[in-house]
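> with the sequence up front, the predicted model follows.
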Amino acid sequence: MDKRPFVAVTIGDIAGIGPEIVVKALRMNDVYTICKPIVIGERFVVEEIIDRLGVEVKVNEVTMPSQGSYVPNTINIMSSNTLEKHTIDYGEIRGEYGKAAYQFILKAVTMAHEGLIDAIATAPINKESLKAGDIKDIGHTEMFARLSNVDDPLTMFEVETMRIFFLTRHVSMKEMIELITEERVFNYIKRSQVALQRLGVQNPTIAVAALNPHAGENGLFGDEERKQIKPAIERAKHLGMKVDGPIPADSVFHKALNQQYDAVLSLYHDQGHIAAKVANFEKTVSITHDLPYLRTSVDHGTAFDIAGRGIASETSMTECIKAAANYATMKKIKEVQ
């Protein structure tokens, strides 16, 4: 019996590198060893990329994941039929491309809710194209949250030996500081612990990053650590959680990479993003927790400047699909147990 999980792979904005890195990733034998990837997008887009790359890949269009033939160099695709066949305007912001990218995601989410797939792996979308297409969500995570009726999904990056959770995501620095409250930090420590346990880390140790230089130096450089972050950590410790911090951001990620902690709670978007991408830009994978299904994503954008040129690296997309497959398999094993 074939126990490989079904992973829906959305191609993202067709003017970007998404379709290219999906095609390249699905030429890897090891991807098919661990999962059955089903592409959600437009057939003509995938076929144009195959022609541009000059590779021999069979495209197999299906209407259900179970109809696919999941072997290397065969791309099984469920077309959304959102766009009519045309010459793609690579590197251009197009409202219709934003709408199409949304439809790919909607189709994948619908399949996940129906139990037809085990996980979703997403290629990059473009926020400006979404806006031009009158899509209100400002990013992937917000879109998945709305479509699945989840108020506040938990984002985690995984790269090398480091995991990073995010207290805040797509907000301004001013708003981010206002969101650093004792209750929110405490809640996110608890949620991060639960997420790690679901990933198989039974007794995790979590580090909380500081906001200010030198963790505020007892109020000398700001009092967020003293008034909000430290009390939240003490509350978590009182409940028996293994939590450390606040630790200055210039050292906490280094410690996590050296496996002193199972994860870091980053306070804001760029704090954790910079650390992950410096560690290994191409192998950083984003995992969205607290959805009713597993979702992973590449951690880079549409790269309009190189779209359509055949030079984009598929490493992040490959890692993204593998992570979705591995965690979906782990989830299945736990459900059986």
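Thanks, I have it.

> going forward, measure contacts between C-alpha atoms and count neighbours the same way
Will do.

> give me the element Ile88 is part of.
For Ile88, there is no enclosing helix or strand under DSSP states H and E.

> can you give me the domain assignment for the chain?
When the chain is parsed with automatic domain parsing, its domains come out as 1-151+291-337, 154-286.

> could you dump the ones you listed to JSON lines with mean neighbour count and mean pLDDT?
Below are these laid out as JSON lines (neighbours: other CA atoms under 10 Å; pLDDT from 0 to 100):
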{"stretch": "domain 1-151+291-337", "mean neighbour count": "20", "mean pLDDT": "92"}
{"stretch": "domain 154-286", "mean neighbour count": "19", "mean pLDDT": "94"}
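
> in a strand, Glu48, correct?
No. The assignment for Glu48 by DSSP: H, G, I helix; E, B strand; the rest coil gives helix, which leaves it out of any strand.

> show me the contacts for it.
Not one residue lies near Glu48 by CA atoms under 8 Å, 6 or more residues apart in numbering.

> residue boundaries of the strands in the stretch 101-250 of the chain?
119-122, 154-159, 162-166, 205-209, 242-247 (DSSP state E, counting those that start in this stretch).

> nearest approach to Ile287 belongs to which of those strands?
strand 154-159 (5.1 Å; CA to CA).

> tell me the secondary structure at Val9.
Going by three-state DSSP: Val9 is strand.

> returning to what we had before: so which of the strands of the stretch 101-250 of the chain gets nearest Pro292?
Comparison of the strands of the stretch 101-250 of the chain against Pro292 by CA to CA identifies strand 119-122 as nearest, at 10.0 Å.

> list the strands paired with the closest one, with their directions.
In the sheet, strand 119-122 lines up against strand 6-10 (parallel), strand 294-298 (parallel) (DSSP bridges).

> switch those over to JSON lines; also include distance to Thr318.
Formatted as JSON lines, the strands paired with strand 119-122 follow (distance: least, CA to CA, whole Å):
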{"stretch": "strand 6-10", "distance to Thr318": "11"}
{"stretch": "strand 294-298", "distance to Thr318": "9"}
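
> right, so of those, which gets closest to Leu267?
For those, proximity to Leu267 was assessed by CA to CA; strand 294-298 is nearest, at 20.4 Å.

> right, and the helix or strand after the closest one?
Next along from strand 294-298, by DSSP H and E: helix 315-336.

> residues making contact with that following helix?
Outside helix 315-336, the residues touching it (CA under 8 Å, 6+ apart) are 4-7, 9, 21-22, 25-26, 31, 34-35, 118-123, 199, 282-286, 294-299.

> and it with strand 6-10, angle?
Here helix 315-336 runs at an angle of 150 degrees relative to strand 6-10 (axes from the mean of the first three to the mean of the last three CA atoms, to 10 degrees).

> the inter-axis angle of helix 315-336 versus strand 154-159?
With the same axes, to 10 degrees defining the directions, helix 315-336 sits at 120 degrees from strand 154-159.

> quick one: helix 315-336 to chain centroid distance?
Centroid separation for helix 315-336 versus its chain: 12 Å, with CA atoms, centre = their mean, to the nearest Å.

> equivalent analysis for stretch 49-58, please.
The answer for stretch 49-58 is 27 Å, by CA atoms, centre = their mean.

> same thing with stretch 168-180?
20 Å.

> then stretch 235-245?
Its chain's average C-alpha position is 27 Å from that of stretch 235-245, according to CA atoms, centre = their mean.

> just the terminal-to-terminal distance for it.
With CA to CA, to the nearest Å as the measure, stretch 235-245 spans 12 Å from end to end.

> again with stretch 256-273
Stretch 256-273 end-to-end distance (CA to CA) = 14 Å.

> Val185 contacts Lys227, correct?
No. Here Val185 lies out of contact with Lys227, judged by CA atoms under 8 Å, at a distance of 11.6 Å.

> separation between Gln228 and Leu116?
43 Å.

> kindly report the same for Ile311.
33 Å.

> rewinding a little: to Asp134, which of the strands paired with strand 119-122 lies closest?
strand 6-10 (19.7 Å).

> quick one, what contacts Gln193?
Pro204, Ile206.

> if you set the cut-off to 10 Å instead, what comes out?
Residues near Gln193 by CA atoms under 10 Å, 6 or more residues apart in numbering: Leu199, Val201, Gln202, Asn203, Pro204, Thr205, Ile206, Met241, Lys242, Val243, Asp262, Ala263.
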